[in-house]
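K.L.:
the following comprises the amino acid sequence and a computationally predicted model.
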Amino acid sequence: MKSTWSEVASVAGVFETAKVVAHNQAKVTGSAPIAITTDPSQWWYAAGWRLESKGLEKWSPDQALLIRVDATIETGRIGAIFVADDLQEVLGTTDEKSPVDGATTLEIVIDPAPRSGWLVLRNNAPSGSPSRCRVRAIRTFQAIRQKANPDGGLADVMDPGTARINLAKLEAAVASATAQNSGAGILDVLRRKWSEVPAGLAGRLSTLDLARLPDNQLWTLWSSAREEATTGEGYSVRGWYHQLYRDVLRGKRVLDVGAGFGIDGVTFAAAGAHVTFLDIAPSNLQILERLCRMAKVEGAHFHYLQDISSLDALPENFDVIWCQGSMIHAPFSFVRLEAAALLRHLPIGGRWIELAYPRERWEREGRLAFADWGARTDGEGTPWAEWYDRKRLQMRLDPAEFDTVLQFNFHQDDFNWFDLVRRK
């Protein structure tokens, strides 16, 4: 059951805007409003306010603290979080805004209401890019949890009338997913795009349409798409790693995350890998089952990713988790939850192999907001795309630790490749 928050009463004196503490060489100037310029390092704290707990001690356990930071984001992306006294443990939800939001409010909830800690603003822009904002006021409220729309909340994370994810709405949904091990509403957003699968170098097809094809036409189409994607011009995109990993994966238990049209998974399964196909679109899995049958693949498994909790039913001992572009199309805060759930099924010595988009491509294509870059990289209706390097990937996989087998950019910095082996 999804939860939202309702104000009970305004609380004065919890945070005093003027009592700001600068962090990590950030610049804080002025008084009304306060101007904050962050360090260029991503996620570094820029400014903090110590909780003044007077008046909170007698709150009942079912009441939370709702914090609203009224601010104008001038450049970059500013995140709001509440952390414990150690400045490490994050308590409650988070929020994030960019200049496209204009004069806005960052809103977070801590449940139950804390007795100590820090409200912190930080730089959520990509590493190397500072952020700047002006804080006008910090308002606090008692809040209670109320039951809300039980349908998964698809609209709750979208900008009205668009295919774009609204990051502030998403963060609230992520917080709910953390508590409920769900995230179904976020995955519903992604399903709208990813029942469409890559077919060849440039084309995309809906698996809802493919389901209407007879077997012989479906097989011809899939074979043609695989050939185009792996030979000729396609060899430098996909063909090279098919040749490299076909023998490596033979006999291995492989989880194909976001299997799509199965150009990788069906190929490796036909070559002897024991593949479990994981996907958020039921129509994709239905197509994959038909393709495996036509390829005479035995022992393949098909798993529907309805929400994060549905990953619990997967086996615990995969040799390889294979993520070919499947975890770059949702915000970091959400895919970190998904990665944590997946890593419960990858033992020490297992491989995490992933294709992503590098920072170089994002810079070349104009440093677009991630909510806009998806349409540039993967076509209309793509709600999100993020770049990754080894450092950001490790942050997503924390606290698991990995050694690097392979790591490089390829195809003129259009893609990057990570082959990691788990050591902790």
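P.N.:
Now that the structure is in, tell me what you want to look at. Note that this is a predicted model, so its numbers are computed, not measured.

K.L.:
count the neighbours of Arg344 for me.
P.N.:
Residues near Arg344, counting by other C-beta atoms under 10 Å, number 12. Heads up, the C-betas are built off the backbone N, CA and C, glycines and all.

K.L.:
show the contacting residues for it.
P.N.:
By C-beta atoms under 8 Å, 6 or more residues apart in numbering, the residues touching Arg344 are Leu311, Asp312, Glu316.

K.L.:
and it, backbone torsions?
P.N.:
Arg344 adopts backbone torsions of phi -70, psi -10, taken as degrees, to the nearest 10.

K.L.:
residues near the closest residue to Gly76 other than its chain neighbours, how many?
P.N.:
Spatial nearest neighbour of Gly76, chain neighbours left out: Ser131 (2.8 Å); criterion: C-beta to C-beta, 6 or more residues apart in numbering. The local packing count at Ser131 equals 27, with neighbours defined by other C-beta under 10 Å.

K.L.:
wait, Ser131 sits on Glu96?
P.N.:
No. If you go by C-beta atoms under 8 Å, Ser131 and Glu96 don't touch, sitting 10.3 Å apart.

K.L.:
joint contacts of the two?
P.N.:
Between them, Ser131 and Glu96 share these contacting residues under C-beta under 8 Å, 6+ apart: Arg77, Ile78, Asn124.

K.L.:
wasn't Val335 part of a helix?
P.N.:
Yes. Applying DSSP: H, G, I helix; E, B strand; the rest coil, one finds Val335 inside a helix.

K.L.:
what residues are up against the closest residue in space to it that isn't next to it in sequence?
P.N.:
Here the nearest residue to Val335 in space, its sequence neighbours aside, is Met327; by C-beta to C-beta, 6+ apart that works out to 4.8 Å. With C-beta under 8 Å, 6+ apart as the criterion, the residues that contact Met327 are Val257, Gly258, Val335, Glu338, Ala339, Glu354, Ala356, Arg396.

K.L.:
just the buried subset of the contacts of Arg344, please.
P.N.:
Among the contacts of Arg344, those that count as buried by neighbour count (16 or more other C-beta atoms under 10 Å) are Leu311.

K.L.:
after the helix-or-strand element of the chain with minimal mean pLDDT comes which helix or strand?
P.N.:
Lowest by mean pLDDT, DSSP states H and E among the helices and strands of the chain is helix 167-180, with a mean of 50. Using DSSP states H and E, the next helix or strand after helix 167-180 towards the C-terminus is helix 184-194.

K.L.:
what average pLDDT does that next one get?
P.N.:
For helix 184-194, the mean pLDDT works out to 73.

K.L.:
which one of the contacts of Arg344 is nearest Thr17?
P.N.:
Of all these, Thr17 sits closest to Leu311, with 42.3 Å by C-beta to C-beta.

K.L.:
contacts only, for the closest one.
P.N.:
Applying C-beta under 8 Å, 6+ apart, the residues contacting Leu311 are Leu305, Glu338, Ala341, Leu342, Arg344, His345.

K.L.:
as a markdown table, these with pLDDT would be great.
P.N.:
Conversion of those to a markdown table gives the following (pLDDT from 0 to 100):
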| residue | pLDDT |
| --- | --- |
| Leu305 | 91 |
| Glu338 | 94 |
| Ala341 | 95 |
| Leu342 | 97 |
| Arg344 | 96 |
| His345 | 97 |
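
K.L.:
give me the low-pLDDT residue ranges for the chain?
P.N.:
Within the chain, the stretches falling below the threshold (pLDDT under 70) are 1-5, 55-62, 101-102, 127, 145-186, 198-204.

K.L.:
how about the helices of the stretch 201-350 of the chain, start to end?
P.N.:
Across the stretch 201-350 of the chain, reading from the start of the chain, the helices by DSSP state H, counting those that start in this stretch fall at 207-210, 215-230, 239-249, 265-270, 282-294, 332-343.

K.L.:
quick check: which of those helices is buried the most?
P.N.:
helix 265-270 (a mean of 24; mean count of other C-beta atoms under 10 Å).

K.L.:
run through who's touching that one.
P.N.:
Contacts of helix 265-270 with the rest of the structure, by C-beta under 8 Å, 6+ apart, involve 222, 226, 230, 242, 245-246, 249, 254, 256, 259, 275, 277, 288, 291-292, 295-297, 300, 322.

K.L.:
swap in stretch 11-21?
P.N.:
For stretch 11-21, with C-beta under 8 Å, 6+ apart as the criterion, the contacting residues are 28, 31-32, 34, 36, 47-56, 65, 67, 119, 135-138, 140-142.

K.L.:
what do you get if the cut-off is 7 Å, keeping everything else the same?
P.N.:
Counting by C-beta atoms under 7 Å, 6 or more residues apart in numbering, the neighbours of stretch 11-21 from elsewhere in the structure are 28, 31, 34, 47-52, 54-55, 119, 135, 137-138, 140-142.

K.L.:
out of those, list just those in strands.
P.N.:
Secondary structure of the contacts of stretch 11-21 is defined by DSSP state E; positions in strands are 28, 34, 47-50, 119, 135, 137-138, 140-142.
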